[in-house]
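Peer 1: what would the 3D arrangement of this be:
(one chain, ligands or ions: 1)
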Amino acid sequence: KIKLKHGSHREGKRTDAIMQKWRGNGLGQFIHWGLYAIPGGEWNGKQYNGAAEWIRSWNEMPKPAYDSLIYKFNPVNFNADQWAAIAKDMGARYVTITTKHHDGFCLWPSKYTSYTVANSPWKKDIMKPLVDAYDKAGIDVILYFSIMDWNHPGWRYDIKTRADSIAFEGFKKFTRNQLIELLTMYPKAKGLWFDGTWDKSWIKQAKFADELEAEMRKLRPGLIIGSRFRADEYGKRHFDSNNVLMGDYEQGWERKLPNTIADVHGNDWDCVMTIPENQWGYNKAWKGHIKTSTELIEMTAKAVSLGGNFVLNFGPKGDGSIRDQEKRLALEIGDWMKVNNEAIYNCGYSGLEKQDWGYSTKKTRIDKIYMVVFNIPVSGAYRVKLPAKTAIAKSYLLADQNQVLKVEEVHTNEYFVYANPASQSKPFVIVLETKKKERSGENNYDKAK
Ligand SMILES: C[C@@H]1N[C@@H](C(=O)NCc2ccccc2)[C@H](O)[C@@H]1O
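Peer 2: Next comes the predicted model:
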């Protein structure tokens, strides 16, 4: 083990109640909203091919023109309760909201810069109504914060000169001030989701970032911070130089999912996902494949089956309204979650071998396994292998618990569960209530004496 001053300060999963709640959330909503939603991926009639929230970095976009969008920020159709209701209807149990993206525009009236909603035609704080609306809906709030800030004069991609170093010191103070300000203004926030931390300038700030993380955790005990916030003194990110996870959960799964339990190294993690291929902020023209609700339900089940959370992104329009396709998907996912959320909430890795029919999840601390089916076998038989000492006490459809299913032990600890789901067009869940297997070799006759 290398001696590290600024590596990870904790090994293994957090066991406190706040993190246990986070772990059991299963499904979350991401909100990417800011000035980039006004152009929506288009400028002067031309379409930007990158992600809409990166349009400021596009050569065709003059920086002053982008920066002047602050004077156009007036989201007359913004309705925090409507956003929270969409998340509620979808079955999301937490939300991650952009407070400031890479462009530096602040959705809260920060005292440390003029580049905020306070100096837009809208004038009012956006974060407070959002935090309150989601909290009222019973949905936990995580604040997204981009360290990289293209608007701040002190931001540097790397520190090469003394002038860079002096400028970046000012930027570091500004960053700390804003983070303490956010935690102070929005004490209901359960965590911070950091982004924009991959450049050398920030990677070189191991000591500063370590001390800042400690200060934030002291200010807000139980605060949840992921692995993307800081690097160790050797520049290692997500996992320190001893290969120990930084922060409370792995934040590496952006628009991709792990495939096997080995990929997650026994850590908590979240996967953040876009509905189109790669658009986080509102883009007028969604190009390429738009994921269906069934695909997104499958990703949610896969994430939970591997012990993580699935966080689906929504990009509200510049006027504050939510696009129809996003509202429709939220309702379709929500319809499924209303019937099947027992297989998602407070569930995790079942320990069972992956089978072709889909993903299995297990209720934490309860002997219930959920077989979330996406591929219906023509045989009607659903194979499941159980650990040696475990047997099936009862099996039924989650959607119709009176339908007890036939179970056949086809090999030792290997069973076929027979099910004919009502609908073949939507994923469905088979429940296995398990029990300790009577000592093998003992038969009922012996027991009868
Ligand atoms: C959550 C997403 N993260 C931002 C992003 O730029 N991701 C692309 C990226 C991901 C990892 C290393 C460098 C760049 C996107 O703009 C979204 O905010």
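
Peer 1: which helix is the longest one in the chain?
Peer 2: For the chain, the longest helix by residue count, based on DSSP state H, is helix 162-185.

Peer 1: that one - contacts with which helices or strands?
Peer 2: helix 127-136, strand 140-146, helix 206-219 (3 or more Cβ pairs under 8 Å, 6 or more residues apart in numbering; DSSP states H and E). All C-beta atoms are positioned from the backbone trio N, CA, C, and that covers glycine.

Peer 1: could you look up the SS state of the residue sitting nearest the centre point of the chain?
Peer 2: The residue lying closest to the centre of the chain (Cα atoms, centre = their mean) is residue 311, at 3.3 Å. Here residue 311 is strand, with the state taken from DSSP: H, G, I helix; E, B strand; the rest coil.

Peer 1: which residues does the next helix-or-strand element following the longest helix of the chain contact?
Peer 2: The helix or strand immediately downstream of helix 162-185 is strand 191-195, counting by DSSP states H and E. Residues outside strand 191-195 that contact it (Cβ atoms under 8 Å, 6 or more residues apart in numbering) are 22, 96, 101-102, 142-148, 179, 182, 216, 223-226, 228-229, 248, 251.

Peer 1: please name the residues that touch the residue of the stretch 301-449 of the chain found nearest the ligand.
Peer 2: For the stretch 301-449 of the chain, the residue closest to the ligand is residue 313, as judged by Cβ to the nearest ligand atom, at 7.6 Å. Residues in contact with residue 313 (Cβ under 8 Å, 6+ apart) are 29, 30, 31, 32, 272, 273, 274, 275, 280.

Peer 1: next one: residue 129
Peer 2: Here residue 129 is in contact with residue 80 (Cβ under 8 Å, 6+ apart).

Peer 1: look up the closest residue to residue 264, ignoring the ones flanking it.
Peer 2: residue 258 (5.1 Å; Cβ to Cβ, 6 or more residues apart in numbering).

Peer 1: contact residues of the stretch 1-150 of the chain facing the ligand?
Peer 2: 32, 51, 53, 54 (Cβ under 6 Å from any ligand atom).

Peer 1: just to revisit the earlier point, ok, of the contacts of residue 313, which come out buried?
Peer 2: If you count burial by 16 or more other Cβ atoms under 10 Å, the buried members of the contacts of residue 313 come out as 29, 30, 31, 32, 272, 273, 274, 275, 280.

Peer 1: any chance of those in CSV, with secondary structure too?
Peer 2: Formatted as CSV, those follow (three-state DSSP):
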residue, secondary structure
29, strand
30, strand
31, strand
32, coil
272, strand
273, strand
274, coil
275, coil
280, coil
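
Peer 1: of the residues you listed, which is the nearest to the ligand?
Peer 2: Out of these, the member with the shortest distance to the ligand (by Cβ to the nearest ligand atom) is residue 280, at 4.2 Å.

Peer 1: separation between the nearest residue to the closest one once chain neighbours are set aside and residue 223?
Peer 2: Spatial nearest neighbour of residue 280, chain neighbours left out: residue 32 (4.0 Å); criterion: Cβ to Cβ, 6+ apart. Going from residue 32 to residue 223 by Cβ to Cβ, to the nearest Å gives 22 Å.

Peer 1: which residues does residue 335 contact?
Peer 2: Counting by Cβ under 8 Å, 6+ apart, residue 335 has no contacts.

Peer 1: whoops, residue 54 was the one
Peer 2: With Cβ under 8 Å, 6+ apart, residue 54 has these contacts: 36, 48, 102.
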